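Chemist: following is a predicted model, sequence given first.
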Amino acid sequence: MGHKLRGLYAITPEYEDGTRLLSEIEAALAGGCRIVQYRDKTSAMPECVTRARALRELTRRFGAKLLINDDLALTVLVGADGVHLGKDDGNLMAARAMLGPNRILGASCYADLAAAQAAAAAGVDYVAFGAAYPSPTKPNAPLAGTDLFFAAKTRLTVASCAIGGITLDNAPPLIAAGADLLAVITDLFSAPDITARATAYQRLFEETQS
């Protein structure tokens, strides 16, 4: 698992307009973002395949990694760099076996360190904890505080990812506590200048040595 996972982790917004989606992801990549997750709960499968293929080309052009949310088959189909699985999205050990050793496997662990330890034992490359802050996307999610990232840093060998309600202003304590990745949707894609916002996030990681 030689993936150095650190930095801004852009998660695609739910847009009906695929062209807008690609142009905004390109803006984030231009700002230095090197990890993108394609998450799409609304498009029909043919459209998902089209978008995933386009994102694969785009991320490759920037030397960035593309992960697919909750869909192992689509990950393999488009040659993505990995998959992110939620709690009920399949067996992590089986997913690792299907992906092979070189693709990235991530798992949602909410605010549960024990779940993260089990995921690490199953072969994931990173665990995602959230919500880091109250999130407009998932308002009722339990909060994963900085103490959880401290604990993960000392007790896990895999990378940790913070998700939920993250903004440029509230991100530094998470990085200082040991978060390797910041998964961001709203604060990135609602920014007036997505490229500048992505650059600002990447700069936080350079300024904060975990």
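Modeler: Yep, it's here. Numbering: from 1, shown residues only.
Chemist: C-alpha from now on. contacts and neighbour counts both.
Modeler: Will do.
Chemist: what segments of this structure are strands?
Modeler: 7-11, 35-38, 65-69, 82-85, 104-110, 126-130, 159-163, 181-184 (DSSP state E).
Chemist: between those strands, which one is closest to residue 198.
Modeler: Ranking the strands of the chain by proximity to residue 198 (C-alpha to C-alpha) places strand 7-11 first, at 7.2 Å.
Chemist: what's in contact with the closest one?
Modeler: Strand 7-11 has contacts (C-alpha atoms under 8 Å, 6 or more residues apart in numbering) with 25, 28, 33-39, 180-185, 188, 198, 201-202, 205.
Chemist: mind doing that once more with 7 Å?
Modeler: Contacts to strand 7-11, defined as C-alpha atoms under 7 Å, 6 or more residues apart in numbering, come from residues 33, 35-39, 180-185, 201-202, 205.
Chemist: that one pairs with which strands?
Modeler: Strand 7-11 pairs in its sheet with strand 35-38 (parallel), strand 181-184 (parallel), by DSSP bridges.
Chemist: in a markdown table, list those along with mean neighbour count and distance to residue 147.
Modeler: Below are the strands paired with strand 7-11 laid out as a markdown table (neighbours: other C-alpha atoms under 10 Å; distance: least, C-alpha to C-alpha, whole Å):
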| stretch | mean neighbour count | distance to residue 147 |
| --- | --- | --- |
| strand 35-38 | 24 | 25 |
| strand 181-184 | 25 | 16 |
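Chemist: let's have those in TSV, adding distance to residue 164 and mean pLDDT.
Modeler: TSV is the format used below for the strands paired with strand 7-11 (distance: least, C-alpha to C-alpha, whole Å; pLDDT from 0 to 100):
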stretch	distance to residue 164	mean pLDDT
strand 35-38	14	98
strand 181-184	7	98
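Chemist: want to try TSV for those, with distance to residue 5 as columns?
Modeler: Formatted as TSV, the strands paired with strand 7-11 follow (distance: least, C-alpha to C-alpha, whole Å):
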stretch	distance to residue 5
strand 35-38	8
strand 181-184	7
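Chemist: quick one: closest of those strands to residue 131.
Modeler: Evaluated over those, closeness to residue 131 peaks at strand 181-184, with 10.4 Å, by C-alpha to C-alpha.
Chemist: would you mind giving the strands of the chain as TSV with distance to residue 59 added?
Modeler: Listed next are the strands of the chain as TSV, based on distance: least, C-alpha to C-alpha, whole Å:
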stretch	distance to residue 59
strand 7-11	12
strand 35-38	8
strand 65-69	6
strand 82-85	13
strand 104-110	15
strand 126-130	20
strand 159-163	20
strand 181-184	16
